[in-house]
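Q: got a predicted structure here, sequence first:
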Amino acid sequence: IGILILYNLVYRCSKKFIWSIKAIMDRIEDILKTIYLFSKFNEKELSLLAAKIKKVDLNIHGVLFNEGSAATSMYVVKYGTLKVTTNSKEGDDVKLTTVAAGQHLGEFPFLDGEKRSANVEAIEKTELLELSYKDLSEILSANKDMELKFYKELGFFLVKRLRVLTTDITQARDIKKRYM
């Protein structure tokens, strides 16, 4: 009987713990905080963004957007996986990357106003958080401290990406010199 009571107690506590973790990760503010663009925002600032978030559900093979389409929002993957492809000149799909839970996509057209540069399709059931550029722009314009944090983090990210690309190009040139 003692073992049965202990088992029951452990089972109930672990179930409560699992539900507590799920509740934390269901909070949009906690998900946004993991994205570099919003990582320096305080709770009040995150709540301003969270209030504007819309949920988007995609089934397997559901298309989020296509290359060349108008861009009006950025997305955070709450759960699931997306594949990002582009079309070659010959019309073939070229896989660029996959985007999984906790990652984001679609923020660059917010900056340059360009159309989508890739196709994005769910490779499993996926739930996304959508933040429209209009809402993001209005929030940042009305909150200069948030705007500064946002663009500063974006700048850091772009510098890191540029450094990686510089290294990749240098390595590719070295390889080409060796084999040409």
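A: Received it, and whenever you're ready, just let me know what you need. Numbering: from 1, shown residues only.
Q: show me where this protein dips below the pLDDT cut-off.
A: Within the chain, the stretches with pLDDT under 70 are 1-26.
Q: I'd like to know how far the residue sitting nearest the centre point of it sits from residue 171.
A: Taking Cα atoms, centre = their mean as the criterion, residue 104 is the residue nearest the geometric centre of the chain, at 1.1 Å. Per Cβ to Cβ, to the nearest Å, residue 104 is found 27 Å from residue 171. Backbone N, C-alpha and C define where each C-beta goes, glycine included.
Q: try residue 61
A: With Cβ to Cβ as the criterion, residue 61 and residue 171 are 35 Å apart.
Q: do the same with residue 94
A: 20 Å.
Q: residue 50: what's it in contact with?
A: 27-29, 32 (Cβ atoms under 8 Å, 6 or more residues apart in numbering).
Q: mind giving me the packing neighbours of whichever helix in the chain runs longest?
A: Using DSSP state H, we find that the single longest helix of the chain is helix 144-179. Counting contacts by 3 or more Cβ pairs under 8 Å, 6 or more residues apart in numbering; DSSP states H and E, helix 144-179 packs against helix 43-50, helix 133-142.
Q: same thing but 7 Å
A: helix 133-142 (3 or more Cβ pairs under 7 Å, 6 or more residues apart in numbering; DSSP states H and E).
Q: which neighbouring elements make contact with the helix it packs on?
A: Helices and strands touching helix 133-142, by 3+ Cβ pairs under 7 Å, 6+ apart, are helix 144-179.
Q: may I see the buried residues of the helix it packs on?
A: By 16 or more other Cβ atoms under 10 Å, the buried positions in helix 144-179 come out as 146, 149-150, 153-154.
Q: for the residue nearest to the centre of the chain, list each beta-bridge partner.
A: residue 76 (DSSP bridges).
Q: what sits against it?
A: Residue 104 sits next to 35, 74-76 when contact means Cβ atoms under 7 Å, 6 or more residues apart in numbering.
Q: what do you get for residue 173?
A: Per Cβ under 7 Å, 6+ apart, neighbours of residue 173: none.
Q: likewise for residue 61?
A: 121-122.
Q: could you do residue 103 as well?
A: Residues in contact with residue 103 (Cβ under 7 Å, 6+ apart) are residue 77.
Q: measure it to residue 97 for me?
A: 9 Å.
Q: ditto for residue 40
A: According to Cβ to Cβ, residue 40 and residue 97 sit 25 Å apart.
Q: those two: who's more crowded?
A: Ranked by neighbour count (other Cβ atoms under 10 Å), residue 40 and residue 97 place residue 40 first, with 15 against 12.
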